[in-house]
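Visitor: I'll drop the sequence and a predicted model, then ask my questions.
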Amino acid sequence: MNSKYQDFIFQAYTAFNRQDIKALLAFISDGVSWPDDDDDHRLHGKDAVRAYWLKKWETTRPYDKPVAISALSEEVSVVRIEQLVYDLDGAVISEGIFEHTFEIKDRLIVRMDLTKL
């Protein structure tokens, strides 16, 4: 794992996995561009990301485990994750391996992209 943002990124995943929206939003820029994997379009800004995750967390409990991280450039890191998504009763409803690509400027995520592997 060789990204200068490794600790920063792992802290963001920790906030996400705890469903701590306030902590998660502290890692992203006000004008962030974020994927909406439900509708195949982009979310723009913290308010849109907040609304998206609060709605998702009403019915699911996703857990993303980072397993590899690499730097594509000074500002871009790719994280391979193993994802489990649970229903509210704790049953696994989906699982997969993904790559999350983060563009980070001034220690804030300005863009995130998602690729299913």
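Guide: Ah, there it is.

Visitor: residue contacts, D40?
Guide: Counting by C-beta atoms under 8 Å, 6 or more residues apart in numbering, D40 makes contact with nothing. Bear in mind the C-beta positions are built from the backbone N, C-alpha and C, glycine included.

Visitor: what's the spacing between it and I104?
Guide: Distance of D40 to I104, computed by C-beta to C-beta, to the nearest Å: 24 Å.

Visitor: go on, I69?
Guide: Counting by C-beta to C-beta, the gap from I69 to I104 is 12 Å.

Visitor: shared neighbours of these two, anything?
Guide: By C-beta under 8 Å, 6+ apart, the residues touching both I69 and I104 are S77.

Visitor: these two: which is more packed in?
Guide: I104 (23 against 19; other C-beta atoms under 10 Å).

Visitor: quick one: contacts for that one?
Guide: Counting by C-beta under 8 Å, 6+ apart, I104 touches Y5, F8, E75, V76, S77, V110.

Visitor: let's have those residues in CSV, adding secondary structure and distance to D87.
Guide: Below are these laid out as CSV (DSSP: H, G, I helix; E, B strand; the rest coil; distance: C-beta to C-beta, whole Å):
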residue, secondary structure, distance to D87
Y5, coil, 32
F8, helix, 31
E75, coil, 37
V76, strand, 34
S77, strand, 31
V110, strand, 32
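
Visitor: closest one of the residues you listed to D47?
Guide: Using C-beta to C-beta, V110 comes nearest to D47 of these, at 15.6 Å.

Visitor: neighbours around that closest one, how many?
Guide: V110 has 17 nearby residues by other C-beta under 10 Å.

Visitor: contacts only, for it.
Guide: Residues near V110 by C-beta under 8 Å, 6+ apart: I28, S29, G31, V32, S33, E103, I104.

Visitor: pLDDT wise, what is it at?
Guide: In this model, V110 is scored at 98, pLDDT.

Visitor: name the element the nearest residue to it once chain neighbours are set aside belongs to?
Guide: Nearest residue to V110, sequence neighbours excluded (C-beta to C-beta, 6 or more residues apart in numbering): S29, at 4.7 Å. Following DSSP states H and E, one finds S29 within strand 28-36.
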